[in-house]
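> Need coordinates for the below:
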Amino acid sequence: MKNKFIAVTSLFAAVIVAVTAVLLLYGSFFGNREIQNRQIILVSEAEHLIETGKEEQAKEKLSVLEESIQNNGTSDNTETIIAGCGICITFIVTVFLYIYFSILRPFRKMEKYVDEIAKGNLDIPLKYERSNYFGKFTWAFDSMRKEIIKARACEKNAVENNKTIIATLSHDIKTPIASIRAYAEGLSANLDNTPEKRERYISVIIKKCDEVVSLTDDLFLHSVSALDMLKISCEPMELCEFVKNAVSELEAEKDDISLIPPDFNAEISADKKRLMQIIENLISNSRKYAKTKIIIDLFKNNSEVTLKIRDYGNGIPDNNMPFIFDKFYRGNNCGDEDGSGLGLYTVKYLTEKMNGKVLLHNLNDGLSAEVTFPVLNQPIS
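From the prediction side, this is the model:
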C-alpha cells in the first residue's frame, strides 16, 4: 500500500510538472509573438513621429521599445505559473506526509501485528495511540488478544481439572471394588458360616455396588467439568455412630482395624458419601503402605471433633511432607505399590469442602492422619 501511494503521488506531481511545462512553452511562444508585434508597432509609430517632427514623442516610443527588448520577452504569467506549480507540489507532498504518518504507517504496523497473531504469537503487545485513525481499532484488537490469552488459560485449566476429576473418581472406584472382591472371596471360601454373617456379607456387597454406581455417575456427570463442581451435599449427622458403622464394614475385609469406642456424641455437617470416601482412602493408604494394625480413635473439644486414623508403619519421609497433598504426587516410600497420587489430594479436597481440615503426623512408630470437623451446636432432630 505504501508503494502504491508513493507511485500515485509521484504521478500527480509529474502531471503537474508536465502541465506547467506545457503552459510555459505555450506562454513563451505566444508571448514572444505578441512582443514582436508590439515592437514593430512601436518602430512604425516612432518613424511616423520623426517624419512629422515630433521627435520628443518619438524618443519616448523608442525608450519603450528599448525596455521591451531588454526584458527579452519575459512575462509575468511565467512567474505566476511557476509559483502555482510550486504551491501544488508542496500541497501534494504535505498531504502525502499527513496520510503516511496518520494512516499508512499505523496500518502497516497493524499488518505486522496481525501476521504475528496469525503465527500464534499472542504474547506480543500492541502499542497504540488513541489520537490516530486506528486508535480505537487497535485498542479493541489488543483487548481481543488479551481475551484470547485468558480464554486459552481457562481452557487449559479446564482440561487439567477434567483430567483430575476423572483420575480422582477412577481412583476412588478401586476402594469399593476391593471390598466387593474381599466379601465375594469370603462367600466363596464359605466364611459366612451363619445366616447373619451371610446376610451381612451380601448387604455390604450390595452397598459397595451402590457406591461404585454413584462414583461412576460422578465420573459421567463431571467428565467435562471442573473438580470444584463435584456435588457435595452436607447435612447434620452423628459422626461417632457413622464411624462405627464404617469400621464395621471395612474391618471385616481383613480384620486389621480396631476402633476405640468413643464415650460421647459428635454432631457435624457433612456429606455421608464423601465422608465414607475420606475414611476409605485413609484406611486404604495405611493398608497399602504400612501393612500393619490400624487404630481409629475420636477426640472432641468444645467446638471440634477429630477422627484419628493411625498405623504402625514407617510413616512418610519428612522431605515429602510439604507435597503429600499435592495432585498426582507420590512419596519416595511408595515402592512398587500401584497408585495415582490422588488419594490424599481427594481427602484434603473433600474435607475442606465440608469445612474441615486434615493433618498428617509422623510418629515414632507409624503415621497418624487427623481429620477435624466443627461440631454443630444444635442437636439433630
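> residue ranges for the strands of the stretch 201-350 of the chain, please.
For the stretch 201-350 of the chain, the strands identified by DSSP state E, counting those that start in this stretch occupy 235-238, 257-259, 267-270, 294-300, 304-310, in order along the chain.
> Where does pLDDT dip in the stretch 201-350 of the chain?
Applying pLDDT under 70 to the stretch 201-350 of the chain picks out residues 217-230, 252-253, 333, 335-340.
> Kindly recompute the last result at 80.
When residues are selected by pLDDT under 80, those of the stretch 201-350 of the chain lie in 213-231, 251-255, 327-342.
> Contacts for the top strand by length along the chain, please.
Taking residue count as the measure and DSSP state E as the definition, the longest strand of the chain comes out as strand 366-374. With Cβ atoms under 8 Å, 6 or more residues apart in numbering as the test, strand 366-374 has contacts from 239, 268-270, 278, 282, 285-286, 290, 292, 303-316, 347, 351, 354-361. From N, CA and C alone the C-beta is placed, and that goes for glycine too.
> what is the closest residue to residue 359 other than its chain neighbours paired to in the beta sheet?
For residue 359, the nearest residue in space outside its immediate sequence neighbours is residue 370; the separation is 4.9 Å by Cβ to Cβ, 6 or more residues apart in numbering. Residue 370 forms beta bridges with residue 308, residue 359, as assigned by DSSP bridges.
> quick one: residue 370 and residue 232, what's the gap?
Distance from residue 370 to residue 232, counting by Cβ to Cβ, to the nearest Å: 21 Å.
> which of these two has more neighbours?
A direct count of neighbours by other Cβ atoms under 10 Å for residue 370 and residue 232 places residue 370 higher, at 17 against 13.
> what about the more buried one, distance to residue 256?
Noted for residue 370: a distance of 20 Å to residue 256, by Cβ to Cβ.
> got it, and residue 319?
Residue 319 sits 29 Å away from residue 256, going by Cβ to Cβ.
> what about those two, which has more around it?
residue 256 (16 against 9).
> Touching, residue 273 and residue 214? I think so.
Yes - with contact taken as Cβ atoms under 8 Å, residue 273 and residue 214 are classed as touching, separated by 6.4 Å.
> Spell out which residues are contacts of both of the two.
With Cβ under 8 Å, 6+ apart as the test, residue 273 and residue 214 reach no residue in common.
> Give me the buried subset of the contacts of strand 366-374.
Restricting the contacts of strand 366-374 to buried positions leaves 239, 268, 270, 278, 282, 285-286, 290, 292, 305-313, 315-316, 347, 351, 354, 356, 358, 360, with burial counted as 16 or more other Cβ atoms under 10 Å.
> and stretch 164-177, C-alpha only, in CSV?
Provided in CSV are the C-alpha atoms of stretch 164-177 (Å, rounded to 0.1, in the frame of the first residue of the first chain):
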residue,chain,number,x,y,z
THR,A,164,-8.0,-34.6,37.7
ILE,A,165,-11.7,-35.4,38.3
ILE,A,166,-11.6,-38.4,36.1
ALA,A,167,-8.4,-39.7,37.7
THR,A,168,-9.8,-39.0,41.2
LEU,A,169,-13.1,-40.8,40.7
SER,A,170,-11.3,-43.7,38.9
HIS,A,171,-9.0,-43.9,42.0
ASP,A,172,-12.0,-43.9,44.4
ILE,A,173,-13.8,-46.6,42.5
LYS,A,174,-11.0,-49.1,43.3
THR,A,175,-11.7,-49.0,47.1
PRO,A,176,-15.3,-50.3,47.0
ILE,A,177,-14.4,-52.8,44.3
